[in-house]
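In: my questions concern the predicted model and sequence given below.
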Amino acid sequence: MAALTRPATGGSGEVGGAAGPRASGGLVTVLTNRWLQALAAIAVLVIGYLVFRSLGSPAWAGPFPTGIGDRFMAWLDGVYAWIVANRNDSPLFLYGFNYVSVGLGSAVVLINRVLDLLTWAGVTAIGVLGAWRVAGWRVALLVLVTFAVFALTGLWNESMTTLALIITSVLIALVFGIPLGILAGRSEVFYRGIRPVLDFMQIMPAFAYLLPFVLLFGIGNPAAAVVTAVYAIPPAVRITALGIREVPKGAVEATTSLGSTPWQVLTKVQLPMAKRTILLGVNQTIMLAVSMVVIASVIGAGGLGDAIYQALSKVNVGEAFQAGLAIVMLAIAMDRVTGAVGHGAHTPNIAPRFQLPVLGAGLIAVIVVVTVARAMGARGWPRELSVDLSAPVNAFYDAVQAAIGAFTATLSEWTLTWVLSPLSELLTGSPWWLVVIVATALGWIFSGWRAALVSGASFVVIGLLGVWVNAMDTLSQVLVASLVTVALGVVVGVLMSRSDVFATILRPILDAMQTLPPFVYLIPAVALFTIGRVPALVAAVIFALPPVIRLVNDGIRGVPAPTKEAALSQGSTRWQLLSKVELPMARGSLLLAVNQGIILVLSMVVMGALVGAGSLGFDVVFGLAQNELGLGLASGLAIVCLGLFLDRVTQGRRAPRA
Amino acid sequence: MRKGALVRLLAVGLALVMVSSCAVRTDQIARDPNTVRIALNGWVGYEASAEVLAYILREEMGYEVQLMRVSEQPSWQALDQGVLDVIVENWGHEDLMELYGPEGNGTVVDGGPNGNEGVIGWYVPAYLQEEYPEITTVEGLKEHTDLFRTAETGDRGEFLGGAPGFVTQDQGMINAFDLDLEIVYAGSEASQITEVRRRYANEEPVLFYFYDPQWLQEELDLVRVDFPDYEEGCADDLSSVPCDYPAYELNKIFRAGFVETGDPAYRFLDNWTWTNADQNRVAQMIADEGMDPTDAAEVWVEENPDVWRPWIPEGFEPAG
């Protein structure tokens, strides 16, 4: 679910640059002004709510009428019924979707079989040698450790299934994503057209489109591969487009003037020059695919995600953690390997005349290993030789629960009574048109009239979808979670920027937080914070925090040293340095951090429903479990609308994202 | 010159696609021969059945077995699409039978009872009944709904609902019996159990949707609330249900194509029936003692040969 987790390289710097002109004294007054305006808008909402309550809540001022939404859902349910009745004889399926479905399902099975054929020793040999060749011995060692984790946790076969799924879906994502990205890089019109589509794909919760894809492609690996690919395509398109656009105009013009065809310009100039950026896109695609295969386990994809899901159904936190650890290792190893291909550092320097012999030696080594292993009858790692981590983890979990359970439960009750419930009551209980007006006003105040239009429209669409009350309740949860995330993120980010030691300790923890599937920490959150909205809030904060911390840290560290020295030499205290110089200068990164925090919190809405957050998220999950396409899709679309609103408002008047 | 070659290649490719474009059904996905594909629904009792069957199919009969974890409704869809062969523990779902059964798509077949009896109902912990003996009656419950108030539900009592895929008529019962309760959906069985366990440990009141056979019943002392017995048709209108849940005779659902093969694996699954006690024994080893499901199945299989031997079809010789 790491939708917009990592911004494109240079993203923060670029934004910082855009914010440059107003980064000085004027900023404070403008900001205060804006905040005052926003406060006024919110005051209007509160007063409106109170007036409405004192009038005895007349119907004309209540929540959005649901008639249109109900009809929309009924229509979708009709589509669902038609597909179920006709899937086995409609040509649309017999000659269309079923081809794709059978092809993909078979691809996953075949890749899995090849990995099985290579035996654990062979796969490890290929992985380690390959990693050494492209990324140097450090990464090779990391890959070795990763395979060791797969083996020792007794999850070797599951890991290979996951790997097969990732390979299939990343290939699909790249086959479609890179050409689209190239088109978008070369044609402005196409770029403008595809951007909203990509935005939509990234905000739409994956759970909401699981059911439609299951309908079209069938349960299990085929749908899982397609869903994972869909989820992972956007960065491939975006970053490829960015790479092509960043190729200096001069180089393109020079080639064109020498009489090259457009095809030659692309293959000889643009692609080679954009290669590194494109590889970064590949890297992001892989990372998203890793996080998605876990979610795809809900529709029957096998592998590590399934292992986590199974452990959860037994409420066995230790076992879920074990499989989660394997995913984290897989994600980090794949990140480092593909990242190294991108920036080319640490790649062993092999003279050209030795390259072929090295490759040959590697191949021979792999063949020898595979033959020997097969001769000895090895396939997956023998289960007897695994180490059980779940018992100590469970003991630790019980101890933590015993130690702080009472405190956290009280904290949870306090948050519910004093923060979540009143806010939810305000948003769900106010007249719908007043909420629309206030949302529009907020859009205008923070980001200008375009954003105002988008904000207003988003809320009206939510109403038309027929899920107004749930959407407002979800909005209240998202707002609180975002606030907590940003506050914590800024504090930790500042601390991280102050101390190199702290930063070094924190980095692997952030890596793990970002790649650990949320399924793993949902249950501990319930055990500590009691079921309902609070554990969902906690899980969302854990998930959304890492990028916020990273961006804040990057932003502050990016402030030029001479500027800081100048401030210090004029007698600024450390606090003044931070509040007057560093934070304002890192404004671009901070804004991006806020934006990312909110979008990621939003992407956890559905996960939160698994621990009792209810509302839109629950309807999405319910729609999936009870085959109610209408309810699930309408709720998913409403989440997209909330995302559009929050994204536009928090983007401010800065330059649009890449 | 090269362009011409490319066009020709495309034409040949297109022709190949045209020739091979016969109708494709989703059950043509490559799979290992001799593989029995069993749906694995999301509760441990189900898993216990599936794992024991998988173990015997694998170890005693030489089949490959694939267990696919999906929710109840999607697993019917999977049978329809030919991706799975059998659901081993089905609770009701008459509507799905109409849709996919002989009257509908004709892709699934009722495989008859598996011997387990299913009970769904409203449960409270035994310590609560000790303190308020009348709480397990409709009238007593009505009087004491305030006991179940939480920060989440405010002035109303909290009813902890089941997982999203489960059969439910709770709101109808709340309406029909005029109970001052609000349903809080745990969103998943795991989080529901976690919450029940937490309150149980603190001896706090809790009222929740639950069922039997379920391993947690062995771990915690739970009492079922008594409602008027289920009668045919009393749950037809889900907005008002003046009766308890029906008792379920749990059954198996087969993919029609799997039945047609008459394969020994099918005949084995068709022969299989066991009791709630058998299932709970395995389920508890898995969930409570944290055993690997395969190991738990192995223990049960070793302890109870006289139970499972008769399931193996007569005259069956394991391949290899």
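Out: Perfect, thanks for sending it. Computed from a predicted model, the values in this text were never measured in an experiment.
In: which one is the residue of the stretch 151-300 of chain B found nearest chain A nearest to, not counting chain neighbours?
Out: When CB to the nearest CB is the measure, the stretch 151-300 of chain B has its nearest residue to chain A at B:Gly165, with 3.5 Å between them. The C-beta positions use only the backbone N, C-alpha and C, and glycine is treated the same way. Closest residue in space to B:Gly165, ignoring its immediate chain neighbours: A:Ala625 at 3.5 Å, by CB to CB, 6 or more residues apart in numbering or on different chains.
In: what's the local residue count around the one you found?
Out: Neighbour count of A:Ala625, defined by other CB atoms under 10 Å in any protein chain shown: 22.
In: that one reaches B:Val167, doesn't it?
Out: No: using CB atoms under 8 Å, A:Ala625 and B:Val167 do not qualify as a contacting pair, with a distance of 11.2 Å.
In: shared neighbours of those two, anything?
Out: Between them, A:Ala625 and B:Val167 share no contacting residue under CB atoms under 8 Å, 6 or more residues apart in numbering or on different chains.
In: what helix or strand is B:Asn251 on?
Out: Per DSSP states H and E: B:Asn251 is located in strand B:247-255.
In: need the contact partners of that strand.
Out: Contacts made with strand B:247-255 from outside it, assessed by CB under 8 Å, 6+ apart, are listed as B:76, B:79, B:82, B:84-92, B:107-120, B:230, B:266, B:269-270, B:272.
In: show the buried residues in those.
Out: Buried subset of the contacts of strand B:247-255 (neighbour count, 16 or more other CB atoms under 10 Å in any protein chain shown): B:76, B:79, B:82, B:84-92, B:107-109, B:111, B:114-116, B:118-120, B:266, B:269-270, B:272.
In: restricted to strands, list the residues you listed.
Out: For these, membership in strands holds for B:86-90, B:108-109, B:111, B:114-116, B:118-120, with DSSP state E as the criterion.
In: quick check: the residue of the stretch 551-658 of chain A nearest chain B.
Out: Using CB to the nearest CB, the closest approach of the stretch 551-658 of chain A to chain B is made by A:Ala625 at 3.5 Å.
In: is chain B within reach of the helix or strand containing A:Leu211?
Out: Remark: A:Leu211 resides in helix A:206-217, with elements defined by DSSP H and E. Yes: counting by CB under 8 Å from any CB of the partner chain, chain B is contacted by helix A:206-217 at A:Val214.
In: that helix: what's the following helix or strand?
Out: Secondary structure here is assigned by DSSP H and E; on that basis, the next helix or strand after helix A:206-217 toward the C-terminus is helix A:221-246.
In: check the offset of stretch B:66-78 from the chain's centre.
Out: The gap between the average C-alpha position of stretch B:66-78 and the chain average comes to 9 Å, counting by CA atoms, centre = their mean, to the nearest Å.
In: also stretch B:299-306?
Out: Stretch B:299-306 has its C-alpha centroid displaced from the chain centroid by 23 Å (CA atoms, centre = their mean).
In: mind listing what's buried along the helix or strand hosting A:Leu280?
Out: A:Leu280 is located in helix A:271-295, with elements delineated by DSSP H and E. Within helix A:271-295, the residues that qualify as buried are A:271, A:273-274, A:277-295, counting by 16+ other CB under 10 Å.
In: residue ranges with poor pLDDT in the stretch 201-350 of chain A?
Out: Counting by pLDDT under 70, the stretch 201-350 of chain A shows low-confidence ranges at A:342-347.
In: and it, which of its residues are near chain B?
Out: Near chain B, the residues belonging to the stretch 201-350 of chain A are A:214, A:218-222, A:297-300, A:302, A:306, A:309-310, A:312-316, A:318-319 when assessed by CB under 8 Å from any CB.
In: quick one on the thing from earlier: pull the most distant pair out of the ones in strands among the buried ones among the contacts of strand B:247-255.
Out: Farthest-apart pair in these is B:Val109 and B:Val119; separation 25.6 Å (CB to CB).
In: isn't B:Asp270 right next to B:Pro113, touching?
Out: No: taking CB under 8 Å as the definition, B:Asp270 is not a contact partner of B:Pro113, at 11.4 Å.
In: where do the strands of the stretch 351-500 of chain A begin and end?
Out: Per DSSP state E, counting those that start in this stretch, the stretch 351-500 of chain A carries no strands over any range.
In: around chain B, which positions in it sit nearby?
Out: Taking CB under 8 Å from any CB as the measure of proximity, the stretch 351-500 of chain A contacts chain B at A:390-391, A:394, A:405, A:412-413, A:416-417, A:421.
In: go again with 6 Å.
Out: With CB under 6 Å from any CB of the partner chain as the criterion, the stretch 351-500 of chain A meets chain B at residues A:413, A:416-417.
In: redo those as JSON lines? Include neighbour count.
Out: Rendered in JSON lines, the data for those read as follows (neighbours: other CB atoms under 10 Å in any protein chain shown):
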{"residue": "A:Glu413", "neighbour count": "17"}
{"residue": "A:Leu416", "neighbour count": "23"}
{"residue": "A:Thr417", "neighbour count": "13"}
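In: could I get those as CSV with pLDDT?
Out: Listed next are those as CSV, based on pLDDT from 0 to 100:
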residue, pLDDT
A:Glu413, 85
A:Leu416, 84
A:Thr417, 84
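In: relative to B:Thr153, which of those is nearest.
Out: Distance from B:Thr153 was checked for each of those by CB to CB. The minimum falls on A:Leu416, at 9.9 Å.
In: as a check, name the ranges of all strands in the stretch 201-320 of chain B.
Out: Applying DSSP E, counting those that start in this stretch to the stretch 201-320 of chain B gives strands spanning B:208-212, B:222-224, B:247-255.
In: the shortest one packs against which elements?
Out: Contact partners of strand B:222-224 among helices and strands, from 3 or more CB pairs under 6 Å, 6 or more residues apart in numbering or on different chains; DSSP states H and E: strand B:108-125.
In: ok now the strand it packs on, how far from the chain's centre?
Out: The mean C-alpha position of strand B:108-125 is separated from the chain mean by 9 Å, CA atoms, centre = their mean.
In: again, but for stretch B:218-237
Out: Between the centre of stretch B:218-237 and the centre of its host chain there is 18 Å, according to CA atoms, centre = their mean.
In: kindly report the same for stretch A:475-484.
Out: The chain centre lies 17 Å from the centre of stretch A:475-484; the measure is CA atoms, centre = their mean.
In: do I have it right that B:Ala126 meets B:Leu220?
Out: No: with contact defined as CB atoms under 6 Å, B:Ala126 and B:Leu220 do not form a contacting pair (8.2 Å).
In: so what touches stretch A:518-526?
Out: Outside of stretch A:518-526, the residues within contact range by CB atoms under 6 Å, 6 or more residues apart in numbering or on different chains are A:308, A:312, A:317, A:320-321, A:324, A:535, A:538-539, A:543, A:607, A:610-611, B:190-191, B:194-195.
In: among those, name the buried ones.
Out: In terms of neighbour count (16+ other CB under 10 Å), the buried residues within the contacts of stretch A:518-526 are A:308, A:312, A:317, A:320-321, A:324, A:535, A:538-539, A:543, A:607, A:610-611, B:190-191, B:194-195.
In: does anything pack onto the helix holding A:Leu211? Which helices or strands?
Out: Where contact means 3+ CB pairs under 6 Å, 6+ apart, helix A:206-217 is packed against helix A:221-246, helix A:615-625, helix A:629-651.
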